[in-house]
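Chemist: Below: sequence and its predicted model.
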Amino acid sequence: MTRYIHLRSTVRLWSLLLLSLTSCIDPFEPEVNGVNVNFLVVDGFINASGVTTIKLTRTLNLQANTPPPVESKATVYVEEENGQRYRLTESPAGTYTSPNLQLNVGKRHRLHFTTAASKEYFSDYTAVKLTPPIDKVTWTADEGGVHLFVSAHDDANKTQYYRWDYDETWEFTSQYRSYFEFVGGKMQYRTNNIWRCWTGQLGGFIRLSTTTKLNQDVVADYPLANLPSNSTKLRYKYSVLVKQYAQTQEEFAYWEEMRKNTESIGTLFDPLPTQLVGNMHCATKPDELVLGYVGGYSVSEKRIFISRDELPASWQFETGYKCGVPDTIQFQYAALAFNNPNFLPIEMIEDVGYTGLTSDCVDCRKRGTNVAPSFWK
């Protein structure tokens, strides 16, 4: 009987503990005063077969609400071990790009640069890998939404460590279609398109896979991304460009730690965040922390499209807008109302006036561009 009571008390104790953890969550603002937050961040990789793009920025503290400051006017090179070096030029500020390069994959390469303050930085020399082609990018649709998958292989069994990211693009419209515009004090039929636009974003997750424990260097239907069935991205047409990178074992380990630090910190049982150690170093001040990992590899890409008519007819998509009912403006007040560039006419009501609403609900350019991407079909 005593043992039973002890067990019951233990269960109650754990229940109360878990309840307190889930119901009493207070915001936490760590004390960072006096801590150096001006670390150099090196973002990019050495492209073995194409243009290398490197971005140099500085970190900010947690309270900052401005873009990170860029490291401008640096002298940046890609260097072959005991061989050639290739200069990168700056445009825009803080972003450095090379010519179209075809690097010797039998040689190791590194990034080497000097800042405007005469501080010298370099990455470790790394083997340059050629990324195999993407075999296919596929998708399925079920009650949970659209699920994207990627497949690849390497007959030579030299890749083994894969990483992917992706660029999303989708077509959308404004909440209301404007048929009129107020120009030069006069109302006229609209001549420019502000109804149909395109926008996009980078995939927000780190996707990694290794085949080291398999008999073949094959990745089959690796889960890449999920889109809910009501996603505004799927309302008209959606496109995803998948990019594949062959990684060294060291870089793969770096990205795996990055993934754990950014995506697996939501529960009591997830690993604690750790200090990421990249392969960048400061020659001028060896104990300075530099953030980033610069690897060397080529890029393989594949794009697919998903149209609305390929999806279940019963799906209802969010518009992305929360707009009220348009206002009615009488003819005699049209000039006064529509001289405001943030209030746009929509339709004409015969013998009454015009309907109008704020540009956020009428002009799709507020959320994207009305120029179709060159790859759109």
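Modeler: Arrived safely. Numbering: from 1, shown residues only.
Chemist: buried stuff in stretch 142-156?
Modeler: Of the residues in stretch 142-156, G145, V146, H147, L148, F149, V150, A152, H153, D154 count as buried by neighbour count, 16 or more other C-beta atoms under 10 Å. Every residue, glycine included, has its C-beta placed from N, CA and C.
Chemist: Revised request: answer the last question for stretch 347-366.
Modeler: Buried-residue list, stretch 347-366, by 16+ other C-beta under 10 Å: 348, 353-365.
Chemist: out of the buried residues of stretch 142-156, which one sits closest to Q102?
Modeler: D154 (20.1 Å; C-beta to C-beta).
Chemist: Distance check, that closest one against E301.
Modeler: Separation of D154 from E301 (C-beta to C-beta, to the nearest Å): 16 Å.
Chemist: Now do L62: how many residues are near it, please.
Modeler: Using other C-beta atoms under 10 Å, L62 has 8 neighbouring residues.
Chemist: How about C323?
Modeler: For C323, the neighbour count with other C-beta under 10 Å is 14.
Chemist: how much space between the residue nearest to it when sequence neighbours are not counted and L344?
Modeler: Distances taken as C-beta to C-beta, 6 or more residues apart in numbering put C361 closest to C323, at 3.8 Å, once the chain neighbours are dropped. As judged by C-beta to C-beta, C361 and L344 stand 9 Å apart.
Chemist: want to try CSV for the buried residues of stretch 347-366, with distance to E120 as columns?
Modeler: Output for the buried residues of stretch 347-366, formatted as CSV (distance: C-beta to C-beta, whole Å):
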residue, distance to E120
M348, 67
G353, 68
Y354, 64
T355, 63
G356, 59
L357, 56
T358, 52
S359, 50
D360, 48
C361, 53
V362, 53
D363, 49
C364, 48
R365, 44
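Chemist: what sits against A74?
Modeler: L56, E90, Y96, F113, T114, T115, A116 (C-beta atoms under 8 Å, 6 or more residues apart in numbering).
Chemist: Leaving out chain neighbours, which residue sits closest to the second one?
Modeler: I take that to be E90. Residue nearest to E90 in three dimensions, not counting chain neighbours: Y96, with 5.3 Å by C-beta to C-beta, 6+ apart.
Chemist: So that neighbour lies in a strand, does it not?
Modeler: Yes: with DSSP: H, G, I helix; E, B strand; the rest coil as the criterion, Y96 is part of a strand.
Chemist: hey, what's it bridged with?
Modeler: I54, E90 (DSSP bridges).
Chemist: Wait, it touches V76, no?
Modeler: Yes: between Y96 and V76 a contact is recorded at 4.4 Å, counting by C-beta atoms under 8 Å.
Chemist: which residues are common contacts for the two?
Modeler: Counting by C-beta under 8 Å, 6+ apart, the residues touching both Y96 and V76 are I54, L56, L88, E90, F113.
Chemist: Hmm, P68 and the second one touching each other?
Modeler: In this case it means L56. No: counting by C-beta under 8 Å, L56 does not reach P68; the two are 10.1 Å apart.
Chemist: tell me, what's touching those two both at once?
Modeler: V41.
Chemist: Neighbour count: the two, which is higher?
Modeler: Between L56 and P68, counting by other C-beta under 10 Å, L56 is the more crowded of the two (24 against 13).
Chemist: how close does that one get to N339?
Modeler: L56 sits at a distance of 45 Å from N339 (criterion: C-beta to C-beta).
Chemist: cool, K129 as well?
Modeler: 60 Å.
Chemist: same thing with L241?
Modeler: From L241 to N339 the distance is 42 Å (C-beta to C-beta).
Chemist: who's more crowded, those two?
Modeler: Counted by other C-beta under 10 Å, L241 and N339 do not tie: L241 has more neighbours, with 17 against 10.
Chemist: Show the average pLDDT along the host helix or strand of that one.
Modeler: Following DSSP states H and E, one finds L241 within strand 237-246. Averaged across strand 237-246, the pLDDT comes to 98.
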